[in-house]
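**Q** when you get a sec, could you give me coordinates for this:
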Amino acid sequence: YGDSSERYTAYFRMIPHETQEDTYLVDVISSQFNGKEPPSCSEIWQVFPESTQLADWLLTPKDPSELESFHKLYYLAAVLIKNGVVDASRCDRGGLVTENIANECGVDIASSAIHEWQNRFDQEIISNAEIDNVPAVLIKNLFIRESQLWPGTYVTNEDIKEVGFSQLTENGADTVLLWNSEFYASFCPLVLDESICVKGYPHLSEYYQMILKGALLQKINAACPGCEYGIDMDKANYSIHIFSEALTANCRQVNQIITNITGGDTRAVSEYTDLWRFTLMNYNAGPGCLGKAISRTWITGEPIDWLHVAANLDEACQPAADYVIDISEGNTAYIPVFSTMLPTSTSTPIRSVTPTRTMTLTRTPTLTRTPTLTKTLTNGPTQPITDTATATASSTPTPTDTSTPTATLTLSVQPTEVPSEEYSPVP
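**A** Model prediction:
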């Protein structure tokens with residue numbers, strides 16, 4: 001009778017079995033596939049991993065012991081001391097160099113508490129990673145980098161509030177609500193009337209958007225002066241799920257950035273592991289930094305891969321390369337020389353079904369976990385996650401504020417539609 005069912009698209013690949021002749025392994029990416037769930041964000045990008053064996057930092061172990069870490073964390077030591085978890089009264093200045101940094105004596109006394117605390121959320125991280133299909137190792141590495149696993153609130157010198165394990169900001173909350181429509185649909189009715197939520201986040205007034213962003217940050221703000229350790233553990237655990245949703249949102253935003261600039265499918269120009277590196281860069285530095293770097297790379301005819309995109313970062317955005325190297329546990333090439341920046345480009349207008357918004361970078365402080373400070377572009381108190389068995393410097397650490405100039409890139413705010421005209425900078 002001419003009837004037809006709804007059409008779906010699926011991608012598959014066949015990989016010869018290593019030991020069995022005439023036998024193949026088949027990978028499938030499709031919303032209708034009921035078999036093994038594809039790797040994190042591969043369905044968004046429509047990209048298979050380069051190998052059947054993912055990099056360690058993109059894995060989710062079954063046993064929490066495989067997620068165990070042994071980092072020496074100066075900021076965590078300080079908050080444990082301040083919240084009465086550790087008694088460092090016999091140390092000089094009560095074990096603190098500043099309000100947010102412990103001295104060597106404070107860290108030594110707090111060592112057992114530091115180890116226990118940085119691993120107490122491992123099971124919750126794994127559980128959320130499995131449910132939300134995001135990499136547990138990446139999540140924990142990022143939490144250590146951003147907050148040293150302390151899910152409280154940090155206020156920068158610019159009065160920007162950063163909340164939770166991932167130090168989520170208002171801009172970060174906006175990304176989650178804008179680019180993760182499934183999460184928005186479940187969260188909005190908890191705050192606003194359904195008649196308002198049904199319009200979709202991009203179509204809400206600025207007033208209602210502000211209400212939602214504030215409510216989301218409040219939901220994951222685990223600071224609780226009257227609670228044990230000064231932390232609401234229920235909110236701390238819930239914030240892990242929120243960050244999983246934030247990762248998915250950033251995967252989608254990266255996909256749209258590449259599509260807007262290249263005019264084609266992400267799968268045609270980038271590989272799976274590099275797309276995760278771009279996702280971390282987007283989360284840390286923002287879509288302005290990532291979009292301009294990809295645009296410069298595309299204009300010069302270079303591959304949209306890590307080496308070329310990272311080399312084309314603006315000077316203000318370049319610390320994001322170290323951020324990615326750190327979280328990927330060194331499984332990312334170091335960028336020895338950044339490209340000379342092209343003249344400032346002028347973006348052509350984007351024709352979109354909805355108004356466009358501009359994402360910007362924020363000024364964020366940097367906290368390091370060793371006496372030697374490093375500059376990084378992150379959301380909140382941060383530090384490299386390279387293991388340090390003993391401190392080798394003779395000086396005591398101090399916090400450093402890293403001022404980051406604003407970088408912007410106009411993007412379409414309609415995640416489910418590709419604009420008919422792509423982002424096309426003209427030198």
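
**Q** dihedrals phi and psi, Val97?
**A** phi -90, psi -50 (degrees, to the nearest 10).

**Q** on the pLDDT front, check it for me.
**A** If you check Val97, the pLDDT there is 96.

**Q** for Ile114, see how far away it is.
**A** Noted for Val97: a distance of 16 Å to Ile114, by C-beta to C-beta, to the nearest Å. C-beta: built from backbone N, CA, C; applies to glycine.

**Q** compare the two (neighbour count), which wins?
**A** Ile114 (26 against 20; other C-beta atoms under 10 Å).

**Q** doesn't the more buried one belong to a strand?
**A** No: counting by DSSP: H, G, I helix; E, B strand; the rest coil, Ile114 falls outside a strand, being helix.

**Q** ok, it - contacts?
**A** By C-beta atoms under 8 Å, 6 or more residues apart in numbering, the contact list for Ile114 reads His71, Lys72, Leu73, Leu76, Ala77, Leu80, Val107.

**Q** list the contacts for the residue nearest to Cys188 when sequence neighbours are not counted?
**A** Using C-beta to C-beta, 6 or more residues apart in numbering and skipping residues adjacent in sequence, the residue nearest Cys188 is Cys197, 3.7 Å away. Residues near Cys197 by C-beta under 8 Å, 6+ apart: Tyr184, Ala185, Cys188, Pro189.

**Q** just the buried residues of stretch 111-130, please?
**A** 114-115, 117-119, 121-122, 124-129 (16 or more other C-beta atoms under 10 Å).

**Q** can you put those residues in TSV and add pLDDT and distance to Ala311?
**A** TSV is the format used below for the buried residues of stretch 111-130 (pLDDT from 0 to 100; distance: C-beta to C-beta, whole Å):
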residue	pLDDT	distance to Ala311
Ile114	98	37
His115	98	38
Trp117	97	38
Gln118	97	33
Asn119	98	36
Phe121	97	36
Asp122	98	35
Glu124	97	37
Ile125	98	32
Ile126	98	35
Ser127	97	38
Asn128	97	34
Ala129	97	31
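
**Q** inside helices: which ones of the residues you listed?
**A** Among the buried residues of stretch 111-130, the members found in helices (DSSP state H) are Ile114, His115, Trp117, Gln118, Asn119, Asp122, Glu124, Ile125, Ile126, Ser127, Asn128, Ala129.

**Q** roughly how far does Asn133 sit from Pro38?
**A** From Asn133 over to Pro38 (counting by C-beta to C-beta), the distance is 8 Å.

**Q** the more surrounded of the two?
**A** Shown here are Asn133 and Pro38; by other C-beta under 10 Å, Pro38 has more neighbours (20 against 17).

**Q** tell me how far that one lies from Gly94.
**A** For Pro38 relative to Gly94 (C-beta to C-beta), the value is 51 Å.

**Q** do Gly291 as well
**A** For Gly291 relative to Gly94 (C-beta to C-beta), the value is 46 Å.
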